[in-house]
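Chemist: Predicted model and sequence follow; I will ask about them next.
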Amino acid sequence: MDSTSDSTAVAAQYVHHPADSRGHANHGWLDTYHSFSFANWHNPERMHFGALRVLNDDYVAGGGGFGTHPHDNMEIVSIPLEGNLEHQDNMGNQAVIRSGDVQIMSAGTGVMHSEKNQSASDAVRFLQIWVYPNERDLQPRYDQESFDRSAERNTLLPVVSPDGAQGVQMHQSAWFHLGSWDQGHNESYRLHGANQGVYAFVLEGTVEIDGRPLNRRDGMGVWDTESIAISASENARFLLMEVPMEW
């Protein structure tokens, strides 16, 4: 963790998580990488980034999946990157989540669900993201929305917002954006308040955040700043997750 500053602004704070510093477990049917402590991987310096608790990069082999299991008091987002994922829960939802979809499950007072690879042969790769909610014991709810991949090109496509006006609704002061940028494209991202931070995760290619390079599957958190400067060093796709640092 380090910082930069000038004489007129509070020092921006940075934390860099290279791809090879993540936790890893291979269960055969599941090959998973953890940006933050999860399951049997525990790193006291990697417990969360603000309200962002879990960022798992999951590869599920054909025919594999997570059997029915419980969650509560967590906002759980699934973003498929390849393949199709079947979802079923005790709220009566049965759905297939495909590349281009973003799904959220507000676990609230408690929910049981399962996630399985729809294909018996082709793998699924998806991001599983957990965010602490801004209120406990909410009524559980489910939402899913499809996005055109072309809408990400050289822009920041909102896929999660607190009121659901842009993307799926999350019970938190949180905004997620996806970008698929051509080499050389650059723009800034402005945070939504002084208590906010943003965590960038590179899916493909290379980007720079405030001049700091991030490669494929690297992550970087930034806080104590009003905005960040983003540029694509090569063709790149990435996810921005803005969350409160205290909640």
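Modeler: Yes, it's here. Residues are numbered from 1 along each chain as shown.
Chemist: Look up how far residue 77 lies from the closest residue to residue 89 other than its chain neighbours.
Modeler: For residue 89, the nearest residue in space outside its immediate sequence neighbours is residue 113; the separation is 3.7 Å by CB to CB, 6 or more residues apart in numbering. (Glycine included, C-beta is placed from N, CA and C.) Remark: distance between residue 113 and residue 77 (CB to CB, to the nearest Å) = 13 Å.
Chemist: residues of stretch 137-147 that come out buried?
Modeler: 138, 140, 141, 142, 143, 144, 145, 147 (16 or more other CB atoms under 10 Å).
Chemist: Format the CA atom coordinates belonging to the host helix or strand of residue 85 as PDB.
Modeler: Taking DSSP states H and E as the definition, residue 85 sits inside strand 84-89. Taking C-alpha atoms only, strand 84-89 is exported to PDB below (Å, rounded to 0.1, in the frame of the first residue of the first chain):
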ATOM      1  CA  ASN A  84     -23.700 -20.700 -19.400                       C
ATOM      2  CA  LEU A  85     -24.500 -21.100 -15.700                       C
ATOM      3  CA  GLU A  86     -27.800 -22.500 -14.300                       C
ATOM      4  CA  HIS A  87     -29.200 -20.800 -11.200                       C
ATOM      5  CA  GLN A  88     -31.900 -22.100  -8.900                       C
ATOM      6  CA  ASP A  89     -33.000 -20.800  -5.500                       C
END
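Chemist: partners of that strand in the sheet?
Modeler: strand 94-98 (antiparallel), strand 111-117 (antiparallel) (DSSP bridges).
Chemist: Quick one: those as CSV, columns for distance to residue 14 too.
Modeler: Listed next are the strands paired with strand 84-89 as CSV, based on distance: least, CB to CB, whole Å:
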stretch, distance to residue 14
strand 94-98, 32
strand 111-117, 33
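Chemist: now these in a markdown table, with distance to residue 211, mean neighbour count and mean pLDDT?
Modeler: A markdown table is the format used below for those (distance: least, CB to CB, whole Å; neighbours: other CB atoms under 10 Å; pLDDT from 0 to 100):
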| stretch | distance to residue 211 | mean neighbour count | mean pLDDT |
| --- | --- | --- | --- |
| strand 94-98 | 36 | 14 | 95 |
| strand 111-117 | 38 | 19 | 96 |
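Chemist: In stretch 118-127, which residues are buried?
Modeler: 118, 119, 123, 124, 125, 126, 127.
Chemist: what do you get for stretch 203-214?
Modeler: Neighbour counts over stretch 203-214 (16+ other CB under 10 Å) mark 203, 205, 206, 207, 208, 209, 210, 212, 214 as buried.
Chemist: how long is it end to end?
Modeler: Start-to-end span of stretch 203-214 (CA to CA, to the nearest Å) is 10 Å.
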